[in-house]
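*Asks:* what's the 3D shape of this:
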Amino acid sequence: MSAIEMIKLTKTYGRNRGIQNITLAVAEGDVFGYLGPNGAGKSTSIRCLLGMISASSGEAYLLGSRAGERGFSEALNRVGYMPSEANFYPSMRVGEVIQYAARLRGMDCAEEAGRLCRKLEVDCYKKIRELSLGNRKKVSIVCALQHKPDLVILDEPTSGLDPLMQEAFFELLMERNQEGMTCFLSSHVLSEVKRYCRHVGILREGELVKVDTVENLTRSKLHTLRKVKIYGAAEVPQIEGISEITKRDDVLAFSYQGEMAELVRALQGCEVKDLLISEPSLEEVFMHFYE
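*Replies:* Presented below is the predicted three-dimensional model:
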C-alpha cells in the first residue's frame, strides 16, 4: 500500500493556477522530496491530501483512505503535519501548546514530547509571542512528531532554523524513518533533498514534470549534461552539444549534453594535459526542467 497517492489531482482557483492532473504514489517507508519554487503548487497539493481544501477533480489518499470520505479521520490520526508557517495562540506557553496538540489527538505524548524538546532545545516556559520564527518552527516539529506518526508531511520545514537545528531535525527524521515512518518533504532547498531523500518529484507551474530517484535524476541518459574542464586545450572540440564555454589561463571549461563516446572521439584531436568530467548536480537537473 502507498502511504500517499494522488490520482489526476487538480485544484483551480478561478483563473488562477493551482495544481493540474498530478498523479503520484509514495511508498511506505520512503523519504520523498517534493520539489518546486514558491508558487509551484506544493502547499496546494498537501492541503488537498490532508482534506483541508477540496480538490476540483481527481483523488487523494493517505494511508489507504481517500480524503474526505469515511475512515479518513482515522488515517489522519496516524499522520503528522508541519505547515510552512507555524501559527499558535500567542498568549499560550510552549508547553501548553504541545500538550494541547496531544490532547486533541486524545493521547498522552509527554514522554516523547520531552525527548523532542530536549533534542531541539525547546523552552517550554516561554510564551508563543516571545518566540522567533525558528523557535516557532521547533514547536511545530514537536507537535508533528510527538505522537509517533506512521506518516509525516512537512511543508518547508527548515526555513528559519539555524544550521545546528537543521542537523538535529534531520537526525530525528532519519531516526524515525529507520523505525518505519514515511516522510514527505516539501522543499525548495535542493541540498537537503539530495542529502536525505530517496525519491524526488519536481513540480513546475502546478504540474508534476518528473519523478525519480535522486541518483537517477543526476545520472539519467535522458539528461546527459556534463561539466567538462580541459587543462592545456587550445581550442574547443568540434562537436554538437557544447555550451557555456569559458577559457581562463590554460583551462577550457564548458557544458556538454550528449553521448560520452562522441566527446571522447572529439578530444582525440585536442592537446589535453588533464581532464575533469563531473556529473550534473541536483540543482542543474532541477534547473533543466525550468529552462
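
*Asks:* would you map the helices across the stretch 1-150 of the chain?
*Replies:* Secondary structure of the stretch 1-150 of the chain (DSSP state H, counting those that start in this stretch): helices at 42-49, 72-76, 94-104, 110-120, 133-145.

*Asks:* next structured bit after the longest one?
*Replies:* Toward the C-terminus, helix 133-145 is succeeded by strand 151-155 as the next helix or strand (DSSP states H and E).

*Asks:* who does that next one touch, helix- and strand-wise?
*Replies:* In terms of contacts (3 or more CB pairs under 8 Å, 6 or more residues apart in numbering; DSSP states H and E), strand 151-155 is packed against strand 2-13, helix 42-49, strand 79-82, helix 133-145, strand 182-187. In short, each C-beta sits where N, CA and C put it, glycine included.

*Asks:* tell me the strands beside that strand, with direction?
*Replies:* With DSSP bridges as the test, strand 151-155 is paired with strand 79-82 (parallel), strand 182-187 (parallel).

*Asks:* which of these sits closest to residue 230?
*Replies:* For residue 230, the closest of the strands paired with strand 151-155 is strand 182-187, at 35.5 Å, according to CB to CB.

*Asks:* what about the stretch 101-250 of the chain, any weak spots by pLDDT?
*Replies:* 218-227, 233-234 (pLDDT under 70).

*Asks:* isn't residue 245 right up against residue 256?
*Replies:* No. If you go by CB atoms under 8 Å, residue 245 and residue 256 don't touch, sitting 10.2 Å apart.

*Asks:* can you check which residues contact both of these two?
*Replies:* When CB atoms under 8 Å, 6 or more residues apart in numbering defines a contact, no residue borders residue 245 and residue 256 alike.

*Asks:* among those two, which residue is more densely surrounded?
*Replies:* Counted by other CB atoms under 10 Å, residue 245 and residue 256 do not tie: residue 256 has more neighbours, with 22 against 11.

*Asks:* so the more buried one: helix, strand or coil?
*Replies:* State at residue 256, reduced to three classes by DSSP: H, G, I helix; E, B strand; the rest coil: strand.
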